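K.L.:
coords please:
(chains A, B, C, D, E and F, ligands or ions: 12)
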Protein chains: 6
Amino acid sequence: ESLAQLVGVCSMMHLPLESSPEGLDATFIGVPLDTGTSNRPGARFGPRQIREESVMLGAVNPSTGALPFQSLRVADLGDVKVNLYNLQDSCRLIREVYQNIVAAGCIPLTLGGDHTITYPILQAVAKKHGAVGLVHVGAHINTTDKTLGEKIYHRTSFRRSVDEGLLDCKRVVQIGIRGSSTVVDPYRYSRSQGFRVVLAEDCWMKSLVPLMAEVRQQMGDKPLYISFGIDALDPAYAPGTGTPEIAGLTPSQALEIIRGCQGLNVVGCDLVEVSPPYDLSGNTALLAANLLFEMLCALPKVTTI
Amino acid sequence: ESLAQLVGVCSMMHLPLESSPEGLDATFIGVPLDTGTSNRPGARFGPRQIREESVMLGAVNPSTGALPFQSLRVADLGDVKVNLYNLQDSCRLIREVYQNIVAAGCIPLTLGGDHTITYPILQAVAKKHGAVGLVHVGAHINTTDKTLGEKIYHRTSFRRSVDEGLLDCKRVVQIGIRGSSTVVDPYRYSRSQGFRVVLAEDCWMKSLVPLMAEVRQQMGDKPLYISFGIDALDPAYAPGTGTPEIAGLTPSQALEIIRGCQGLNVVGCDLVEVSPPYDLSGNTALLAANLLFEMLCALPKVTTI
Amino acid sequence: ESLAQLVGVCSMMHLPLESSPEGLDATFIGVPLDTGTSNRPGARFGPRQIREESVMLGAVNPSTGALPFQSLRVADLGDVKVNLYNLQDSCRLIREVYQNIVAAGCIPLTLGGDHTITYPILQAVAKKHGAVGLVHVGAHINTTDKTLGEKIYHRTSFRRSVDEGLLDCKRVVQIGIRGSSTVVDPYRYSRSQGFRVVLAEDCWMKSLVPLMAEVRQQMGDKPLYISFGIDALDPAYAPGTGTPEIAGLTPSQALEIIRGCQGLNVVGCDLVEVSPPYDLSGNTALLAANLLFEMLCALPKVTTI
Amino acid sequence: ESLAQLVGVCSMMHLPLESSPEGLDATFIGVPLDTGTSNRPGARFGPRQIREESVMLGAVNPSTGALPFQSLRVADLGDVKVNLYNLQDSCRLIREVYQNIVAAGCIPLTLGGDHTITYPILQAVAKKHGAVGLVHVGAHINTTDKTLGEKIYHRTSFRRSVDEGLLDCKRVVQIGIRGSSTVVDPYRYSRSQGFRVVLAEDCWMKSLVPLMAEVRQQMGDKPLYISFGIDALDPAYAPGTGTPEIAGLTPSQALEIIRGCQGLNVVGCDLVEVSPPYDLSGNTALLAANLLFEMLCALPKVTTI
Amino acid sequence: ESLAQLVGVCSMMHLPLESSPEGLDATFIGVPLDTGTSNRPGARFGPRQIREESVMLGAVNPSTGALPFQSLRVADLGDVKVNLYNLQDSCRLIREVYQNIVAAGCIPLTLGGDHTITYPILQAVAKKHGAVGLVHVGAHINTTDKTLGEKIYHRTSFRRSVDEGLLDCKRVVQIGIRGSSTVVDPYRYSRSQGFRVVLAEDCWMKSLVPLMAEVRQQMGDKPLYISFGIDALDPAYAPGTGTPEIAGLTPSQALEIIRGCQGLNVVGCDLVEVSPPYDLSGNTALLAANLLFEMLCALPKVTTI
Amino acid sequence: ESLAQLVGVCSMMHLPLESSPEGLDATFIGVPLDTGTSNRPGARFGPRQIREESVMLGAVNPSTGALPFQSLRVADLGDVKVNLYNLQDSCRLIREVYQNIVAAGCIPLTLGGDHTITYPILQAVAKKHGAVGLVHVGAHINTTDKTLGEKIYHRTSFRRSVDEGLLDCKRVVQIGIRGSSTVVDPYRYSRSQGFRVVLAEDCWMKSLVPLMAEVRQQMGDKPLYISFGIDALDPAYAPGTGTPEIAGLTPSQALEIIRGCQGLNVVGCDLVEVSPPYDLSGNTALLAANLLFEMLCALPKVTTI
Ligand SMILES: [Mn+2]
Ligand SMILES: [Mn+2]
Ligand SMILES: [Mn+2]
Ligand SMILES: [Mn+2]
Ligand SMILES: [Mn+2]
Ligand SMILES: [Mn+2]
Ligand SMILES: [Mn+2]
Ligand SMILES: [Mn+2]
Ligand SMILES: [Mn+2]
Ligand SMILES: [Mn+2]
Ligand SMILES: [Mn+2]
Ligand SMILES: [Mn+2]
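P.N.:
Ligands and ions are numbered 1, 2, ... in the order given. You can find the predicted model right below:
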């Protein structure tokens, strides 16, 4: 089947390639899907390019002192074999793989793929943990209801998640939202559900350490999922993305957000919307690889120097 | 509806933008769809980029002497509003638009889009003209049956067309086919249907004028459709494509093929598989714009100097 | 005439293409001229690329609440047919087109083109409004007198404007100026005319909201023109420009400047110096399209949510 | 020692930089002008990039056995200080520099710049040698009369040259001409003057050795100028050019043409239309550097192994 | 050790990654070394990028009918852990790994790396098979003696091989040689050793099938090594290489050469000089992946359809 | 006249090319070496590209008022002829050239090259001035001891310098350090030697003017060397580098650091790790050229307006 040719791996951070989550504390896994994107495609190559740029990462985090591989068993489970010609079927395939991972007690760290994939991942996560808290970092609010009659694409992920009760709406924060919009409905929807919407302009030229103190308070010790769209960052830092928006966050703010999640009950993470054809330098993928490493360092039970 | 944002036009060759095919002899029209591609996406931007590079084209063809705008009324009908999130639905939308064009007696010259789109176009064309002859130029034979259970994507266009009786199989020629393959079935299938399969290696370092004399003989004066995948050409000439294959045709051979169709009863043409994100110079789109102009010059009733 | 091939349009934000300014409150219009540039050319393709990247913009500005299309009639007038082989003649052609626009009571929002074009635009604007205030954002002070005997190119725009009395010199502010210089004269000239020169280093790591409060005070309710060279921004954000200078402004500062003009009597705007050949990602044009949309949102009489 | 080639500030082929043509048999010289181009600019950077890529060239031509530096004194005279803001004045500046070179008995090999520059160079050459023969290689016939009233830009070079009696029209050959055209006049003009017009399609898949035997016959031993537009080659080989045309010549044909001029009375050469912003790999400039070296090897009095 | 970070793999054609050659008939293996290159570096990333582009290759060769995986056990052995800071030591490391492979009766197909690596590979191969025949395809003759006192870099591979008796000099053919040269010695040296030197210009516009018939005659049934520098091809087809030379071979000629080796006693192959930083489209790596697959198809004992 | 900047063969800032340091107060000099890099190569082309982008720089620094060419005799000494195939030998060649420069009383401003080169430069500098203070700006701490047994590459420069007593360890500051690490030893080593290590995160969103006040205090009036790795900056500003690290410094901070050295006893400077193959826009080289100009402006005895 030629479709399987596109998936396949060069491992994240030189970790062992495994085919089962059994015995793992956490795992990297790719979802090479981009047919849910509304503008520039290419995120199907995100997992491959993030892995490629990850090979220069070291195991030590000199800034936080984290030594993630000392206390956690981590691997790379390769890619989900998505169906590029059928978004609905892809969602089913993703959900099934993640149910298996989560059931094994393994925390998934996902290399996307466009933002559509967070929806089936949350289905799997919520099946195990119940409705979860969410730290969503990204440029787009992704609570659109539908377009052209389609209910599944990258702008509807969190709307569908609310529809199915996957989110603990009082513990949802969206950071970095911005850009012109065709309609105002999604903003109203998010706020009406109780989501905290932190616009990009509320972050300009500010440290996000205070914000994260509030977020930690809000999340408590209940299960939490981190969904990070690379388009949260300004296109200067992350040109390789499908729907770039001007005046975004900086990498230091991205690190403040992720490091600010340390100590929380993180049950899953994704880094989505990396589109390598628009990333000629490879540096968007490098940034993504670093952020995924930082997410790993922020997981529960990671020891430090 | 945000989906409509992606479609929209800067006109082909500065032609007038029209919304109806009535009164036109021929029309350019874009189909910005790429979700049927198996490797590198981006053909959704093909129509936009081909139009952009077309603006430097002149109305005179000094080589053939053709003056297409002297005898034909030609316009640009803009883009079909495809559904990027649903291939089946996109096929329906394309078919309906083309049925309308063909019904008006207007010959469509299509700016693709991936090769999936030829299937619904042929549905519309055959509805009017009956089973048509086909000059298919491209690297891939596109007679795969299905993958992962999906029957519609860019490798199945001509299989589906045969299934539905859209092709006059004794008048089908496929030129430029090459590349490794996961299975041998599609080659056998094409030949078993009576298609003439001209491999790229049968074309290496040869003029294709003799081949086209035979093709003209074979086609006679019955209706004929030209489907040109830009990947027929070597990637040196056309890097901006989704599934490049080495050792392909040259631009001069492409011109020999199209000019060789002059005098035939051409009822429609497409130029597909142009993927601008992989075409940094814009020259693949420039090549495509030129080939579309040459197709126009090869239509019935075009006068010459 | 082959020169006309280069101009031509794909409309800004999918707005209707019009040929006359009559009945319009504001209009986008392109000036594809780059022969006044001193280093990297390419700004002739600025209008085309800005339009291309504008197609994903929505009509709502969630940050300011502006709904510009609800209260204003806006169109795209296409491109001025400049004479690429004669700068003087191009200035004449631009001036004539803009006199017609301004006379119709329509506010022009210009897609440049290099900074030379602001001079003939100001000629047209001042003919109607008298000497105008100026918010000039850019890296270069553009008050050079001449080079090699030539008095018209992109470094002399505001010197020529002062020569002809087009500017109300007490209401001129230049923001973002920086870079090494061959001579010191232009800095002295600007200051001697009473211009407020805000160097880039005076903006580093600062919100420009306080500056803009002062600028609003200075401008009062008299007519004001905004001329925005994309090189005001750091090349990280806007690599696609002809004369990049290090250590520039950020996109959030650019938004603060434009939004800070809301409520003023803006009679025209331009966004110049976008050079697509140096903008491989298209993101400089995307930034420019956003800034032009924000300028539209800042025009008098725009309603909000 | 080849290692030394990589280091050093770039002159053409590491030749000494001179300020005077006195005592030189031949010289490389740059003309960084691109304001006469009708589509993509950037040829102003041609001389710089050709020099940069020339540094890896060796002094020996193993194919022809030529050892040009053994018998000729050759240098690099740097660049003509053109006036980018005034085409007419640039022509004057070029003409004056070349009159000085030619008067010194030095053969100029020019690094362009767009094709406009051949006109003032021919003025200087003809002032010394009288009307000269011409081997013009390029995609465009460049005998347009004027556009928008302008008589000087890159499409009019040879029309102006005929107007002023600079060409011996019976000894003019144009090779590689192709592409659609807005008008048919220039083709008729060239032929009416007695030029031999060899279309690109007359060259497809053929050795040009027989053609050059005829050209040598035609040129006899009278003075001859070679003007080589890099757009003569297919864009696959030379993407870095301002007005690319599909289905052009190959590098081996280019070498056949230049080597075919060996033994003729060549009094000057240019290589024009290299536009580095569109040459991301640098390989168009590398090709140009090699062709200029081959022109040097084809000059009168060059000894061989 | 941070050096190990650079090596590591995404497997060739989705083959199993193995750590030992035992039980294999043939293997792909990478040598990520580029410190022997004289101009543009980057070939260290050749293996990684070739593997990446190989993932779309199928197991069937429709042109030759070869089914290599039906009769041969093939794997990917990953990369040799070279020492980037010491060329001599890298040669030792390569030689040792290959001695192990060859000793196991496994045929190595190498993903380079610059042409330096062929020298230690030939040391290993000759240790097992004695002096071997050589089909060397490339732009450069690589029989320089030394530069700056250094005897090992990519221009000396075959000189060192002769010095050590690794080559059966009567069975050495070098195809595609061209380009200017700093000295003439290497050409004389190759010929004086009895090598057959086939210049690129002897190949222009010709099928190489007749040449390969002669080569097969010359090679007989004795052991033969194929060393293929991607710079043999024209830079239009293979821009991603360290020392591009104009007017090279075409992909169809490359296929004729490799397919022409079918039936010979091939004991090893390499594909070298792929430099991904200069291969923005990825198509040079795609070409390399295809040529390596064709080499596999040409190995002894491969069955056909 | 700024127009003259564009024309001419590139030396640094159009300075005269000299072959001897005699009589010079300061000099630019290139070291085109990149074989000490651990990831992406290409810094061998740093000097060439920095010179190319330097040509648009003017002689006046409007921000600081510095007029460096009024009081200092400055030239460009070209490039050190390094041995690309032998790192040890390259270090010897560099050391010898710099000993000659320093002995002449000339301050070297180096265009790198990877960070390896700072070690032999410091050998030469310390031979004249004794152990020097160091302001090291960069992402990497470069005090690794060895890798794979190799003691010389770009991560060991300052370790070797300490080993040989080249540094006055109480006057060493390292600014901008960050990134994951394979081991923690280098951080400990730097601190144990008394170096002040200022992590990038200590710089985020802060002016570095206060830091530099402390540094000036620490340095006193004793000799000081500035070593600036362009990777100190965030990859958004400097993508063209060999080992990019996320979340780095900004250009304004870089200027604050260099301008903060004004008044100190600076005896040498370098700007290293610029890799042009990864700098498609040329803007990393432009940034480097500007920083080198600012270093020149910060040298002792420079006069101001
Ligand atoms: Mn990749
Ligand atoms: Mn998003
Ligand atoms: Mn485009
Ligand atoms: Mn195809
Ligand atoms: Mn464009
Ligand atoms: Mn400017
Ligand atoms: Mn350059
Ligand atoms: Mn031309
Ligand atoms: Mn890669
Ligand atoms: Mn080679
Ligand atoms: Mn360069
Ligand atoms: Mn570093």
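
K.L.:
Give me the secondary structure label for the residue nearest to the spatial centre of chain A.
P.N.:
Nearest residue to the geometric centre of chain A (Cα atoms, centre = their mean): A:Asp270, 2.3 Å. The local conformation at A:Asp270, judged by DSSP: H, G, I helix; E, B strand; the rest coil, is strand.

K.L.:
where do the helices sit along chain A?
P.N.:
Taking DSSP state H as the test, the helices found in chain A are A:46-54, A:68-71, A:87-103, A:118-129, A:157-163, A:185-192, A:209-219, A:251-259, A:283-297.

K.L.:
which helices and strands does the third one pack with?
P.N.:
It refers to helix A:87-103. strand A:26-31, strand A:107-112, helix A:118-129 (3 or more Cβ pairs under 8 Å, 6 or more residues apart in numbering or on different chains; DSSP states H and E). C-betas here are computed from N, CA, C, even on glycine.

K.L.:
What's the local residue count around A:Gly133?
P.N.:
Residues contacting A:Gly133 under the criterion other Cβ atoms under 10 Å in any protein chain shown number 25.

K.L.:
ok, it to A:Pro108 distance?
P.N.:
16 Å (Cβ to Cβ, to the nearest Å).

K.L.:
Wait, the residue nearest to the centre of chain A touches A:Ser227, no?
P.N.:
Yes - at 5.3 Å, A:Asp270 counts as touching A:Ser227 under the criterion of Cβ atoms under 8 Å.

K.L.:
what do the two both touch?
P.N.:
Common neighbours of A:Asp270 and A:Ser227, using Cβ atoms under 8 Å, 6 or more residues apart in numbering or on different chains, are A:Thr118.

K.L.:
where's stretch A:173-186 relative to the chain centroid, distance-wise?
P.N.:
18 Å (Cα atoms, centre = their mean, to the nearest Å).

K.L.:
List the buried residues for that stretch?
P.N.:
Across stretch A:173-186, burial judged by 16 or more other Cβ atoms under 10 Å in any protein chain shown covers A:Val173, A:Gln174, A:Ile175, A:Gly176, A:Ile177, A:Arg178, A:Gly179, A:Ser180, A:Ser181, A:Thr182, A:Pro186.

K.L.:
Quick check: which of the residues you listed has the minimum pLDDT.
P.N.:
Minimum pLDDT across the buried residues of stretch A:173-186 is recorded for A:Thr182, with 86.

K.L.:
quick one: that residue from A:Ala139, how far?
P.N.:
A:Thr182 is 15 Å from A:Ala139, by Cβ to Cβ.

K.L.:
Tabulate the helices of chain A (CSV), appending distance to C:Gln262.
P.N.:
Below are the helices of chain A laid out as CSV (distance: least, Cβ to Cβ, whole Å):
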stretch, distance to C:Gln262
helix A:46-54, 39
helix A:68-71, 48
helix A:87-103, 41
helix A:118-129, 36
helix A:157-163, 32
helix A:185-192, 20
helix A:209-219, 27
helix A:251-259, 27
helix A:283-297, 34
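
K.L.:
of all those helices, which lies closest to ligand 6?
P.N.:
Nearest to ligand 6, of all those, is helix A:283-297, at 26.3 Å by Cβ to the ion.

K.L.:
For stretch A:219-235, what does the pLDDT average out to?
P.N.:
Averaging pLDDT along stretch A:219-235 gives 98.

K.L.:
hang on, the earlier thing: rebuild the helices and strands packed on helix A:87-103 as TSV, extending it with mean pLDDT.
P.N.:
Shown next, in TSV, are the helices and strands packed on helix A:87-103 (pLDDT from 0 to 100):
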stretch	mean pLDDT
strand A:26-31	96
strand A:107-112	97
helix A:118-129	98
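
K.L.:
does stretch A:219-234 come close to chain B?
P.N.:
No - applying Cβ under 8 Å from any Cβ of the partner chain, one finds stretch A:219-234 separated from chain B by no less than 15.2 Å.
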